[in-house]
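K.L.:
no sequence on this one, just coordinates:
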């Protein structure tokens, strides 16, 4: 991630000390693995940073007396198509000297009056963690705003609360929906390389602890679906996709479980059953954390204890410790994944509502299910969340599928939601 520190300080301050401070902060930020930082002093550079898709701009408040200059810079940047079309949050980095924080408070108060959200990051202990969250929010928003989602076939018939229209998706979350007939997938399936599919199938089987129901021909067929979806991603220039996967049960008489798991592991966010709100949630989590997520059915919920079971057949391989290859639960055919979800912190989230502006998010603890039930989807996760959150799922659900992610992501998700959705 490239951070542009837009340096602002009053002419009344000693410029030499401000230069040293900005260089010091830049070095601290560049010390984060995978990050780089540059300090910009010229107004033209600062304005340009707001429209650079490879840069996250951060207002560096070095002293008091900068309020008018910062607002003038933002007004110029507002003329760019990107800032003009979105209420992009403004990040302000403040320090404990030279009236930096008082100026930052005044600036953000004015921005809020103008309807623009923002956040002040104060350089106290742990500020780099806060800065990472805020910058990932901006980066994720930009990514979503330029993403294309492939909708292969129509959403499954049972998703009665999960069929948003393309305009709502575009206006609220940013991505463009691209409708793709399921026939195109079947066509590409038959064109898939037998050699490449065999290689992928053999690697899948080799890395498994066991392969129960599927035979080798089934694995090769599942791998052909994966190759076909890869071709669709390239053909339609997609960042993500969702598929009406149950149609594959009749032709080519296989399932998309392996293909979707592989796509998510490879960085292409993919959901099953045509669930677009679930896919958007997965894209949000991937943007904020850099990691894939698991789309699952809540199969059991105890509102008194907060304990629940979530299960599905398509968990990304990179999210699990080990796996057994099984058949698809509902149909008994194809190749699905029965994985061991690692114990530890977990986040459960779901986007939904009539206009896609509702959010459910909860943090909890996950536990590995050592003896998965045979009457549920293959990968099963036992987790515990706050009882009030469990009750919310039972009283005001946003849909069936919920998204599981390793780690504690509630703060990141809620900051994104407050800044860019719930306004």
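P.N.:
Received the coordinates, thanks. Quick caveat, the model's predicted, so the values are computed rather than measured.
K.L.:
Can you identify each of the helices in the stretch 51-200 of the chain by residue range?
P.N.:
67-77, 81-85, 100-113, 127-145, 166-172, 182-191, 194-206 (DSSP state H, counting those that start in this stretch).
K.L.:
could you dump those to JSON lines with mean pLDDT and mean neighbour count?
P.N.:
(C-beta placed from N, C-alpha, C; glycine too.) Below are the helices of the stretch 51-200 of the chain laid out as JSON lines (pLDDT from 0 to 100; neighbours: other Cβ atoms under 10 Å):
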{"stretch": "helix 67-77", "mean pLDDT": "94", "mean neighbour count": "17"}
{"stretch": "helix 81-85", "mean pLDDT": "60", "mean neighbour count": "13"}
{"stretch": "helix 100-113", "mean pLDDT": "97", "mean neighbour count": "18"}
{"stretch": "helix 127-145", "mean pLDDT": "93", "mean neighbour count": "20"}
{"stretch": "helix 166-172", "mean pLDDT": "96", "mean neighbour count": "15"}
{"stretch": "helix 182-191", "mean pLDDT": "97", "mean neighbour count": "16"}
{"stretch": "helix 194-206", "mean pLDDT": "98", "mean neighbour count": "16"}
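K.L.:
closest one to residue 258 among those helices?
P.N.:
Of all the helices of the stretch 51-200 of the chain, helix 194-206 sits nearest to residue 258, with 6.5 Å by Cβ to Cβ.
K.L.:
List of residues touching that closest one?
P.N.:
Residues from elsewhere that reach helix 194-206, judged by Cβ atoms under 8 Å, 6 or more residues apart in numbering: 211, 216, 219-224, 226-227, 258, 262, 325, 335.
K.L.:
Among the residues you listed, give me the pair with the biggest separation.
P.N.:
Checking the contacts of helix 194-206 with Cβ to Cβ, the most distant pair is 211 and 227, at 19.7 Å.
K.L.:
okay, and the helix or strand of this protein with the least pLDDT?
P.N.:
helix 81-85 (a mean of 60; mean pLDDT, DSSP states H and E).
K.L.:
on that earlier part again, wait, which of the helices of the stretch 51-200 of the chain is closest to residue 30?
P.N.:
helix 127-145 (10.8 Å).
K.L.:
Quick one: mean pLDDT over the helix or strand hosting residue 47.
P.N.:
Using DSSP states H and E, residue 47 sits within helix 43-49. Mean per-residue pLDDT for helix 43-49: 93.
K.L.:
From the chain's centroid, how far away is that helix?
P.N.:
Going by Cα atoms, centre = their mean, to the nearest Å, the spacing between the C-alpha centre of helix 43-49 and its chain's C-alpha centre is 29 Å.
K.L.:
ok so, going back, which one of the contacts of helix 194-206 is nearest to residue 235?
P.N.:
Nearest member of these to residue 235, counting by Cβ to Cβ, is residue 227, at 12.5 Å.
K.L.:
Would you mind measuring from residue 50 to residue 77?
P.N.:
4 Å (Cβ to Cβ, to the nearest Å).
K.L.:
I misspoke; the intended subject was residue 231.
P.N.:
40 Å.
K.L.:
Check residue 394 too.
P.N.:
46 Å.
K.L.:
quick one on the thing from earlier: would you turn the helices of the stretch 51-200 of the chain into JSON lines with distance to residue 383?
P.N.:
As requested, the helices of the stretch 51-200 of the chain are arranged in JSON lines below (distance: least, Cβ to Cβ, whole Å):
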{"stretch": "helix 67-77", "distance to residue 383": "43"}
{"stretch": "helix 81-85", "distance to residue 383": "38"}
{"stretch": "helix 100-113", "distance to residue 383": "37"}
{"stretch": "helix 127-145", "distance to residue 383": "23"}
{"stretch": "helix 166-172", "distance to residue 383": "28"}
{"stretch": "helix 182-191", "distance to residue 383": "33"}
{"stretch": "helix 194-206", "distance to residue 383": "27"}
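K.L.:
Residue 348 is nearest to which of the ones you listed?
P.N.:
helix 127-145 (18.6 Å).
K.L.:
What residues does residue 218 make contact with?
P.N.:
254, 333-335.
K.L.:
Go again with 6 Å.
P.N.:
residue 335 (Cβ atoms under 6 Å, 6 or more residues apart in numbering).
K.L.:
Got phi/psi on it?
P.N.:
Here is the backbone geometry of residue 218 (degrees, to the nearest 10): phi -60, psi -40.
K.L.:
Look up how far residue 418 lies from it.
P.N.:
46 Å.
K.L.:
before we move on, back to that, can I get the buried part of the contacts of helix 194-206 as one ChimeraX selection?
P.N.:
This is how ChimeraX selects the buried members of the contacts of helix 194-206, with burial counted by 16 or more other Cβ atoms under 10 Å:
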select :211,219,220,221,222,223,224,226,227,258,262,325,335
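K.L.:
Please identify which of the contacts of helix 194-206 is nearest to residue 3.
P.N.:
Closest to residue 3 out of the contacts of helix 194-206 is residue 262 (32.7 Å), distances taken as Cβ to Cβ.
K.L.:
roughly how far apart are the closest one and residue 393?
P.N.:
Applying Cβ to Cβ to residue 262 and residue 393 gives a distance of 29 Å.
K.L.:
Isn't residue 298 up against residue 310?
P.N.:
Yes: using Cβ atoms under 6 Å, residue 298 makes contact with residue 310 at a distance of 5.5 Å.
K.L.:
State the number of residues packed around residue 5.
P.N.:
Neighbour count for residue 5, taken as other Cβ atoms under 10 Å: 23.
K.L.:
my read is it is in a helix, agree?
P.N.:
No: using DSSP: H, G, I helix; E, B strand; the rest coil, the secondary structure at residue 5 is strand, not a helix.
K.L.:
Neighbours of residue 236, how many?
P.N.:
Neighbours of residue 236 using other Cβ under 10 Å come to 16.
K.L.:
In contact with it, which residues are there?
P.N.:
Residue 236 makes contact with 150, 178, according to Cβ under 6 Å, 6+ apart.
K.L.:
State the phi and psi torsions of it.
P.N.:
Backbone torsions of residue 236, given as degrees, to the nearest 10, read phi -100, psi 0.
K.L.:
Check the gap between it and residue 348 for me.
P.N.:
Taking Cβ to Cβ, one finds residue 236 at 31 Å from residue 348.
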